[in-house]
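Visitor: I'll drop the sequence and a predicted model, then ask my questions.
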Amino acid sequence: MTQRVALFISGGGSNMIRLVEDMKGDHPARPVVVLSNVPDAGGIPAAARMGVPTVTVDHRPFGKDRAAFEAALMAELKRFRPDVICLAGFMRVLTADFVRPFAGRMLNIHPSLLPKYKGLHTHQRALEAGDHEAGCTVHLVTPELDDGPILGQARVPVLPDDTEATLAARVLAREHQLYPAVLRRFVSGQTEPLFL
């Protein structure tokens, strides 16, 4: 049975694009909606061009009322009945109340080798620490930030002349390889970590 995938974005959606491009042919999943909290996110027209329905729930009118924002997000999400949610550059921290109904069915990609560098500014932190390698992680989402079981990781070397921007670009290229590979395995029932 084909799995229904909802994708959450806040920006250009390059990981979302790669996931949608991969969900064709013999892939055991299909994208059913791309949701964004940013009305002018670049990924929205990209998703529409690929034939995926799009929904925007702007977080700003809700102010600090995260529960109300998430209720509005959930109301939209339920219309599409997703089996799996992929966070693909969704820059809002979701509360436990939103995450729990999708326990074991919500994936995220994070630009570090977790458990290192949870949260933001991962590439700068890796450079400041003098790390010799960096990378990205796909993990199951739990109520704790960037803390769920790891489903896959990809590594890149940190080069002597790297800046935050050059390292970020190299890691992003690996994200585009890792996330589709992990999702394909995950919706086929494989949860052992994939290391690239």
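Guide: Thanks, I have the structure now.
Visitor: CA atoms for contacts and neighbours, from now on please.
Guide: OK.
Visitor: from Pro115, how far out is Ala134?
Guide: Ala134 sits 12 Å away from Pro115, going by C-alpha to C-alpha, to the nearest Å.
Visitor: please say which of those two ends up with more neighbours.
Guide: Using other C-alpha atoms under 10 Å as the criterion, Ala134 and Pro115 rank with Ala134 on top: 23 against 11.
Visitor: the helix or strand where the more buried one lies - what's its average pLDDT?
Guide: Assigned by DSSP states H and E, Ala134 belongs to strand 133-140. The pLDDT scores in strand 133-140 average 98.
Visitor: kindly report the same for stretch 64-77.
Guide: Mean per-residue pLDDT for stretch 64-77: 96.
Visitor: residues of it that come out buried?
Guide: Neighbour-count burial for stretch 64-77 flags Phe69, Glu70, Leu73, Glu76, Leu77 (criterion: 16 or more other C-alpha atoms under 10 Å).
Visitor: ok so, going back, contact partners of the strand holding Ala134?
Guide: 104-114, 123, 126, 146-158, 171, 174-175, 178-179, 182 (C-alpha atoms under 8 Å, 6 or more residues apart in numbering).
Visitor: now the buried members of those.
Guide: For these, buried by 16+ other C-alpha under 10 Å: 104-114, 123, 126, 146, 148-156, 158, 171, 174-175, 178-179, 182.
Visitor: distance of Met106 from Pro160?
Guide: Taking C-alpha to C-alpha, one finds Met106 at 36 Å from Pro160.
Visitor: quick one: which of the buried residues of stretch 64-77 is nearest to Gly119?
Guide: Minimum distance to Gly119 across the buried residues of stretch 64-77 is 20.1 Å, recorded for Glu70 (C-alpha to C-alpha).
Visitor: isn't Phe80 right next to Arg30, touching?
Guide: No - assessed by C-alpha atoms under 8 Å, Phe80 is found out of contact with Arg30, at 11.8 Å.
Visitor: looking at those two, which is more packed in?
Guide: More neighbours surround Arg30 than the other of Phe80 and Arg30, with 20 against 15 (other C-alpha under 10 Å).
Visitor: element containing that one, please.
Guide: Per DSSP H and E: strand 29-36 holds Arg30.
Visitor: what does whichever helix or strand comes after that strand rub up against?
Guide: Under the assignment DSSP H and E, the closest C-terminal helix or strand after strand 29-36 is helix 43-49. Helix 43-49 is contacted from outside by Ile9, Ser10, Gly11, Gly12, Gly13, Ser14, Met16, Ile17, Val34, Ser36, Pro53, Thr54, using C-alpha under 8 Å, 6+ apart.
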